[in-house]
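Dropping a prediction and its sequence here:
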Amino acid sequence: MSDAPTADKSPGKVRTFAELVKFEHSIFALPYAYLGALYGAARVAARWPSLAASLWITVAMVGARSFAFVVNRAVDAEIDARNPRTAGRPIPSGTITRWELWLFSAAVLATYVFSVFQLAPITHALWPIPLVLFVVYPYLKRFTWFCHFWLGACLGLGVVGGWAAVGAPLDNPAPWVLGIAVAIWTAGFDIIYATQDYECDVRDGLHSVPSDFGVARGLLVTKACHAATVVLFALGGFLLGAGWPYYVGVAVATVLLAYENAIISPTDMSRVNAAFFNVNGMVAMVILAGSIADRFIT
């Protein structure tokens with residue numbers, strides 16, 4: 001890499017930062033922020049979120065999750081270096097320097113804060129809350145298996161944030177119930193993801209549901225989480241007064257979650273990536289699609 005021509009370094013660095021923040025993982029959180037905005041706007045003035053609000057919600061979400069990834073990668077750099085699966089990440093492999101990392105984190109943090117202040121005034125006082133959760137999260141695996149559920153809370157706030165971003169009042173239980181649904185869904189699939197690091201986590205004394213209770217029990221916890229997710233999505237729809245298209249989305253998501261839990265087992269974890277990324281990305285999209293159709297049709 002050090003011998004590469006200067007002209008090739010910028011695209012390479014861009015790719016490195018894209019790898020660092022896993023932009024494609026936005027598909028897990030962004031649809032739920034839009035869902036919150038969709039129904040929040042309906043509560044404020046029976047209308048759709050404005051184009052400007054949708055744009056700034058997108059920028060805020062990308063900025064926030066990029067900051068979260070940078071913090072996570074920086075705090076876990078030594079742990080990642082000891083794990084063959086993660087040793088090639090930009091920080092442990094040395095493809096990003098410390099000053100580049102913190103300069104990038106300052107840029108995405110500024111992007112997040114600036115975009116929040118383009119949204120409804122209620123968000124101007126709430127913007128530090130997600131950041132606190134992001135900073136605490138990477139340390140939790142050193143102390144407790146509850147880290148999966150904390151990560152879930154980080155994503156679940158996307159629903160509440162989208163709701164508040166269009167000025168909808170937060171005393172309505174619907175966004176909170178939907179946020180808990182997203183949190184538990186996330187915890188469930190993060191447990192599946194953590195099975196990849198079972199041996200390393202046990203060796204290093206790190207906590208996760210699989211490393212603390214075993215892979216088989218971990219997958220049972222995932223099943224319970226995803227069953228609760230379906231119930232909470234249905235309850236959230238009831239609280240919203242959603243129509244049948246929303247519930248069609250929940251029904252399709254239920255089938256997808258059942259499939260996700262069926263393609264992995266303690267004796268065959270070869271399809272973890274398919275279960276983690278592909279299926280969960282589709283779950284988020286069908287929930288959003290059902291919500292958009294609900295707003296159009298009912």
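Looks like it came in fine.

What segments of the stretch 51-200 of the chain are helices?
51-75, 77-82, 90-93, 98-116, 123-126, 128-140, 147-165, 173-194, 198-204 (DSSP state H, counting those that start in this stretch).

quick one: which of those is nearest Val255?
Among these, helix 173-194 comes nearest to Val255, with 14.4 Å by CB to CB. C-betas here are computed from N, CA, C, even on glycine.

which parts of that closest one are buried?
By neighbour count with 16 or more other CB atoms under 10 Å, helix 173-194 contains the buried residues 174-194.

So for Phe296, which of the helices of the stretch 51-200 of the chain sits nearest?
helix 51-75 (15.7 Å).

now that closest one and helix 98-116, what's the angle there?
150 degrees (axes from the mean of the first three to the mean of the last three CA atoms, to 10 degrees).

next helix or strand past the worst-scoring helix or strand of the chain on mean pLDDT?
Least confident element among the helices and strands of the chain, by mean pLDDT, DSSP states H and E: helix 9-21 (a mean of 67). Next along the chain after helix 9-21, taking DSSP states H and E as the criterion, comes helix 30-45.

Lowest average pLDDT across the helices of the stretch 51-200 of the chain?
Ranked by mean pLDDT, these end with helix 90-93 in last place, scoring a mean of 82.

Figure out how far that helix is from the centre of its chain.
Distance of helix 90-93 from its chain centroid, counting by CA atoms, centre = their mean, to the nearest Å, is 22 Å.

buried set for it?
Quick answer for helix 90-93 (16+ other CB under 10 Å): Pro90, Ile91, Pro92.

For the residue lying closest to the first one once chain neighbours are set aside, the count of nearby residues, please.
With CB to CB, 6 or more residues apart in numbering as the criterion, Pro90 has its nearest non-adjacent residue at 4.3 Å, and that residue is Ile96. A count of neighbours around Ile96, defined by other CB atoms under 10 Å, yields 21.

and the angle from the helix or strand where Ala234 lies to helix 173-194?
If you go by DSSP H and E, Ala234 is part of helix 215-240. Counting by the same axes, to 10 degrees, helix 215-240 points 160 degrees away from the direction of helix 173-194.

quick one: buried residues of helix 215-240?
Counting neighbours by 16+ other CB under 10 Å, helix 215-240 gives 215, 218-223, 225-230, 232-237, 239-240 as buried.

looking at it, Leu35 is touching Val159, isn't it?
Yes. Using CB atoms under 8 Å, Leu35 is in contact with Val159, at 6.1 Å.

intersection of neighbour lists for those two?
Leu178 (CB atoms under 8 Å, 6 or more residues apart in numbering).

between these two, who's got more neighbours?
Val159 (30 against 27).

how close does that one get to Thr222?
Distance of Val159 to Thr222, given as CB to CB, to the nearest Å: 21 Å.

re earlier: the helix holding Ala234: what's the following helix or strand?
helix 244-262.

name the helices or strands packed onto that next one?
Where contact means 3 or more CB pairs under 8 Å, 6 or more residues apart in numbering; DSSP states H and E, helix 244-262 is packed against helix 173-194, helix 215-240, helix 280-297.

again, only using 7 Å
helix 215-240, helix 280-297 (3 or more CB pairs under 7 Å, 6 or more residues apart in numbering; DSSP states H and E).

Out of those helices, which is closest to Ala60?
When those are ranked by proximity to Ala60 (CB to CB), helix 280-297 comes first, at 17.2 Å.

Between helix 215-240 and the closest one, find me the angle.
Put simply, helix 280-297 runs at 10 degrees to helix 215-240, going by the same axes, to 10 degrees.

What distance do you get for the residue lying closest to Ile292 once chain neighbours are set aside to Leu178?
Sequence neighbours aside, Leu38 is the residue nearest to Ile292 in space, at 6.8 Å (criterion: CB to CB, 6+ apart). Counting by CB to CB, the separation of Leu38 from Leu178 is 11 Å.
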